[in-house]
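**Q** Below are the sequence and a predicted model; questions follow.
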Amino acid sequence: MSNYGMIPVAGKGNIVSVLKKNVSIETALSAGEANDANWDHIGYLAGITPVTMTKEVNAEIYLDNPDGYTTKSTGGKDAGDLSFQIGYAPGLAVQQRLVDIYDVSNGEVEKNWYRVKSPTEDPNQYVVNMYFGPMSSLGAPSSIENSADMKRDITVAVEGRPKLAEDFLRSALTQPTRSTSQSSSSS
């Protein structure tokens, strides 16, 4: 088992994709989180702001707390928003599809899976984070100062807990090896 994903991930080389129409997340996961067969690559990625997961913290103030400090407990969790900026290429079928996803038209559903595939120190390996939710913002194409290319900002309101690279890597590291599972089944 290699140790890919053990050094900080570079920003350059990230790929954002949306789950192909009529493909289930179970199908995509069974093919492997980094397998591209079930994903539509969104296009030229100009920037990305990953989610910031937050947890509500409730303060409970009691006058008779023994140490005089506030007691705190956690409440609901929010996965936040996934935002990315793409090079505006309206002729790409996947970018036309993004408009359909936003409008919930042409057989598209409101909530979709989005995948961010990031490079590692091994050029043949990637780490993957997946997010589910509705597109909350489809920005109008705009130009950036010092750039001749038009860009479009997209925001996804992430619902539920994202499927994080740490989860995928943890499960890959805890998978029993063939010899371990064979020896434990023969005992």
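**A** In hand now; what should we look at?

**Q** Quick one: classify the residue lying farthest from the centre of the chain as helix, strand or coil.
**A** Distance from the C-alpha centroid of the chain, by C-alpha atoms, centre = their mean, peaks at residue 64 (44.7 Å). Per DSSP: H, G, I helix; E, B strand; the rest coil, the local secondary structure of residue 64 is coil.

**Q** what about it, distance to residue 72?
**A** Relative to residue 72, residue 64 is positioned 17 Å away (C-beta to C-beta, to the nearest Å). C-beta coordinates here come from the backbone N, C-alpha and C atoms, glycine included.

**Q** hmm, back to that, show the model's pLDDT score for the residue farthest from the centre of the chain.
**A** Here, the pLDDT recorded for residue 64 equals 83.

**Q** same check, this time on residue 149
**A** In this model, residue 149 carries a pLDDT of 84.

**Q** now the closest residue to it other than its chain neighbours: how far from residue 141?
**A** Leaving aside its chain neighbours, residue 149 sits nearest to residue 87 (5.5 Å; criterion: C-beta to C-beta, 6 or more residues apart in numbering). As judged by C-beta to C-beta, residue 87 and residue 141 stand 10 Å apart.

**Q** neighbour-wise, which of the two wins?
**A** For the pair residue 87 and residue 141, the greater number of neighbours falls to residue 87 (17 against 14), based on other C-beta atoms under 10 Å.

**Q** Could I get the buried residue list for stretch 29-37?
**A** For stretch 29-37, burial by neighbour count (16 or more other C-beta atoms under 10 Å) applies to 33-34.

**Q** CA atoms only for it, dumped as CSV, please.
**A** What follows is stretch 29-37, C-alpha atoms only, in CSV (Å, rounded to 0.1, in the frame of the first residue of the first chain):
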residue,chain,number,x,y,z
LEU,A,29,-18.2,4.6,-5.8
SER,A,30,-18.1,1.0,-6.8
ALA,A,31,-16.0,2.0,-9.8
GLY,A,32,-13.6,3.8,-7.4
GLU,A,33,-13.7,7.4,-6.2
ALA,A,34,-10.9,8.5,-8.6
ASN,A,35,-12.4,6.7,-11.7
ASP,A,36,-13.6,9.2,-14.3
ALA,A,37,-16.0,6.9,-16.1
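
**Q** pLDDT averaged over that stretch, what's the number?
**A** On average, stretch 29-37 scores 95.

**Q** what does that stretch contact?
**A** By C-beta atoms under 8 Å, 6 or more residues apart in numbering, the residues outside stretch 29-37 that reach it are 17, 28, 38, 115, 117, 125-126, 128, 130, 163, 168.

**Q** and the most centrally placed residue in the chain, which of the three is it?
**A** Nearest to the mean C-alpha position of the chain, by C-alpha atoms, centre = their mean, lies residue 130 at 3.2 Å. What three-state DSSP gives for residue 130 is strand.
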